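Q: coords please:
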Amino acid sequence: MPFPYKHFAGKEECFIDLFDRVVGSTESTIKARLSAEQLPWHEQVALALGILIDRIVADPIIARAVIVETPTVGPGIEDRYERAYERATKAFVPLFRAGRELNPRGPELPETVEDTLAGSVFWSAYQRLIVGEAERLPEILPELIELVLRTYLGEAEAARLARAAAPSVA
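A: A predicted model of the protein is given here:
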């Protein structure tokens, strides 16, 4: 006999709801904080990444469920997870893409560079969650900030700004 669910038809539906709520809440928090302050672009990037990391560290069990476990729940969730993951990474794309204006060669950058950067951020979080080291994500926040900034501002400036921005985000 299948396990009776009070609010959901099954675990896939439950995981989809959890995923949608967590992604939506994080996205809303980032948008609200970014719109509340007029910050230079590099500080917006640091703030958005810092919020993401803070949310993961604040509840690593939920973060692991959403980022790591959701796609393993069952075949019906895979497509939904892919679309939701794309939505989550795409939330960072417009923010990152604004950095093209700061690079004289911005228009020459590959069209997918922002998707790649966002994917790299999520992959880094995924890797820490897999090994049970979510609490160590703040340690790599400067590296994540630098990873994004470097594409648009160059190595030296990105390193300088990442070091300056990261402590104020945590």
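Q: Let me see the contact set for residue 69.
A: Contact analysis of residue 69 by Cβ atoms under 8 Å, 6 or more residues apart in numbering lists residue 15. No exception for glycine: its C-beta is placed from N, CA and C like everyone else's.
Q: Against which helices or strands is the one helix or strand in the chain whose mean pLDDT sits lowest packed?
A: Least confident helix or strand, the chain: helix 75-90 with a mean of 71, by mean pLDDT, DSSP states H and E. If you count contacts as 3 or more Cβ pairs under 8 Å, 6 or more residues apart in numbering; DSSP states H and E, helix 75-90 packs onto helix 11-36, helix 113-130.
Q: just for the chain, where's the confidence low?
A: For the chain, the stretches with pLDDT under 70 are 1-5, 71, 73-74, 76-77, 80, 84, 166-170.
Q: how about a cut-off of 90?
A: Residue ranges of the chain with pLDDT under 90: 1-24, 27, 37, 65-91, 104, 106, 162-170.
Q: circling back to that earlier point, and the helices and strands packed on helix 75-90 as a markdown table, adding mean neighbour count?
A: A markdown table is the format used below for these (neighbours: other Cβ atoms under 10 Å):
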| stretch | mean neighbour count |
| --- | --- |
| helix 11-36 | 15 |
| helix 113-130 | 18 |
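Q: looking at these, which is closest to residue 65?
A: Between residue 65 and these, the shortest separation by Cβ to Cβ is 6.4 Å, and it involves helix 11-36.
Q: What would stretch 100-107 look like as PDB? C-alpha coordinates only.
A: In PDB, the C-alpha atoms belonging to stretch 100-107 read as follows (Å, rounded to 0.1, in the frame of the first residue of the first chain):
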ATOM      1  CA  ARG A 100      29.900  43.300 -20.100                       C
ATOM      2  CA  GLU A 101      29.500  47.100 -20.100                       C
ATOM      3  CA  LEU A 102      32.700  47.300 -17.900                       C
ATOM      4  CA  ASN A 103      34.800  45.300 -20.400                       C
ATOM      5  CA  PRO A 104      35.800  46.900 -23.700                       C
ATOM      6  CA  ARG A 105      35.600  43.400 -25.300                       C
ATOM      7  CA  GLY A 106      32.300  42.700 -23.600                       C
ATOM      8  CA  PRO A 107      30.400  42.200 -26.800                       C
END
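Q: Please work out which residues outside that stretch touch it.
A: Residues outside stretch 100-107 that contact it (Cβ under 8 Å, 6+ apart) are 41, 99, 109, 151, 152, 153.
Q: Out of those residues, grab the one that's most surrounded.
A: residue 152 (25 neighbours; other Cβ atoms under 10 Å).
Q: and that one, what does it touch?
A: Listed by Cβ under 8 Å, 6+ apart, the contact set of residue 152 reads 99, 100, 102, 103, 106, 158.
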